[in-house]
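**Q** quick one, structure for this:
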Amino acid sequence: MKLLLLSNSAAPGRGYLEHAREVIAGHLSGVDELLFVPYALADHDGYTAKVASFMEGLGIRVRGIHTGSDPRELAASAQAVFIGGGNSFRLLKSLHERGLVEAVAERVRAGAPYMGSSAGTNMACPTLRTTNDMPIVQPPSFEALDLVPFQINPHYLDPAPASAHMGETREERLNQFMEENDVPVLGLREGTWLRLSTEEGAGTGTLTLGGIEAGARLFTSGAEPTEHGPDTDLSQLLAVTPHFDTRTV
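**A** Down below sits the predicted model:
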């Protein structure tokens, strides 16, 4: 598998995806057409056009998955797949309704490069439980693509000591998640990304943290969070076995 999981798609003072242009170009090397999944936003055509404008500079055509009569067929034949950011609940609901959770995961496991940003990065996890988003709709399940065995929290924000906000910090919310579930969570700060490369037929691969100096914060059960800078090898996360609370009332 080849995965590129971005925390964010826009950086201050820079255009859409421009902060990660070099790593995107490398990840999609050899790809002529990219299948874009725009379901995290309401304006599918406008969102697809925005992605196409960026990818044109890399010599890559973009097709919106919403333009086909059978999205599953498009997923099954895609050279590469990009799932963009927006609302994770709306996105996952759309993926389930169209049978795309299984279809996209199968295509990516078969070798098609996958790229996600924000909500699209959440989708690569086993579930969307560590999203920051408001549940504006109700998906039939929290189960996502399960391309990696750990959870990610994009747009991770450190506590601001001078803030007057009295709600939970991101760290407190992720610690609450850890109280109920035994699975690592990687808090990706703005401007960071993960790259996964797995050799054909191999069960594991190389997982590397990239991006700006901010790095990432790793939460694990029963331990204090740890800091990790750019170029850190996080391949040990590929060997974890996640355990989620699935109890119902």
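**Q** biggest helix in the chain, by residue count?
**A** Ranked by residue count, the top helix of the chain under DSSP state H comes out as helix 44-56.
**Q** report the mean confidence score over the next helix or strand after that helix.
**A** Next along the chain after helix 44-56, taking DSSP states H and E as the criterion, comes strand 61-64. Across strand 61-64, pLDDT averages out at 98.
**Q** hang on, the earlier thing: for the longest helix of the chain, what is the average pLDDT?
**A** Helix 44-56 comes out at a mean pLDDT of 98.
**Q** what are the buried residues along that helix?
**A** Using 16 or more other Cβ atoms under 10 Å as the test for burial, helix 44-56 gives 44, 47-48, 50-52, 54-55. All C-beta spots, glycine's among them, are computed from the backbone N, C-alpha and C.
**Q** contacting residues around that helix?
**A** 15-18, 34, 36, 38, 41, 61-64, 66-67, 82, 84, 86 (Cβ atoms under 8 Å, 6 or more residues apart in numbering).
**Q** quick one, which of those are buried?
**A** 17, 34, 36, 38, 41, 62-64, 66, 82, 84, 86.
**Q** check those and tell me the two furthest apart.
**A** Farthest-apart pair in these is Leu17 and His66; separation 19.8 Å (Cβ to Cβ).
**Q** follow-up on the earlier one: what about the buried ones among the contacts of helix 44-56, which are in strands?
**A** 34, 36, 62-64, 82 (DSSP state E).
**Q** from those residues, which single one is nearest Val185?
**A** Nearest to Val185 among those, with distances taken as Cβ to Cβ, is Phe82, at 23.4 Å.
**Q** which ones are touching that closest one?
**A** 34-37, 51, 114-117, 120.
**Q** where does the prediction get shaky in this structure?
**A** 164-166, 200-203, 248-249 (pLDDT under 70).
**Q** show me where it has helices.
**A** Counting by DSSP H, the helices of the chain are 21-27, 44-56, 71-76, 88-97, 100-109, 119-122, 170-180.
**Q** for the last one, name the packing helices and strands.
**A** So that's helix 170-180. Judged by 3 or more Cβ pairs under 8 Å, 6 or more residues apart in numbering; DSSP states H and E, helix 170-180 is in contact with strand 151-153, strand 185-188, strand 216-219.
**Q** using JSON lines, lay out those together with distance to Ser7.
**A** Shown next, in JSON lines, are these (distance: least, Cβ to Cβ, whole Å):
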{"stretch": "strand 151-153", "distance to Ser7": "8"}
{"stretch": "strand 185-188", "distance to Ser7": "4"}
{"stretch": "strand 216-219", "distance to Ser7": "8"}
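**Q** ok, Gln236 - contacts?
**A** So Gln236 contacts nothing (Cβ under 8 Å, 6+ apart).
**Q** quick one: it and Thr204, what's the gap?
**A** 10 Å (Cβ to Cβ, to the nearest Å).
**Q** leaving out sequence neighbours, find the closest residue to Gly64.
**A** Thr48 (3.7 Å; Cβ to Cβ, 6 or more residues apart in numbering).
**Q** returning to what we had before: let's have the contacts of Phe82 in CSV, adding distance to Thr220.
**A** Converted to CSV, the contacts of Phe82 look like this (distance: Cβ to Cβ, whole Å):
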residue, distance to Thr220
Leu34, 34
Leu35, 34
Phe36, 34
Val37, 30
Val51, 34
Tyr114, 25
Met115, 26
Gly116, 22
Ser117, 25
Gly120, 24
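**Q** select from those the one having the most neighbours.
**A** Val37 (30 neighbours; other Cβ atoms under 10 Å).
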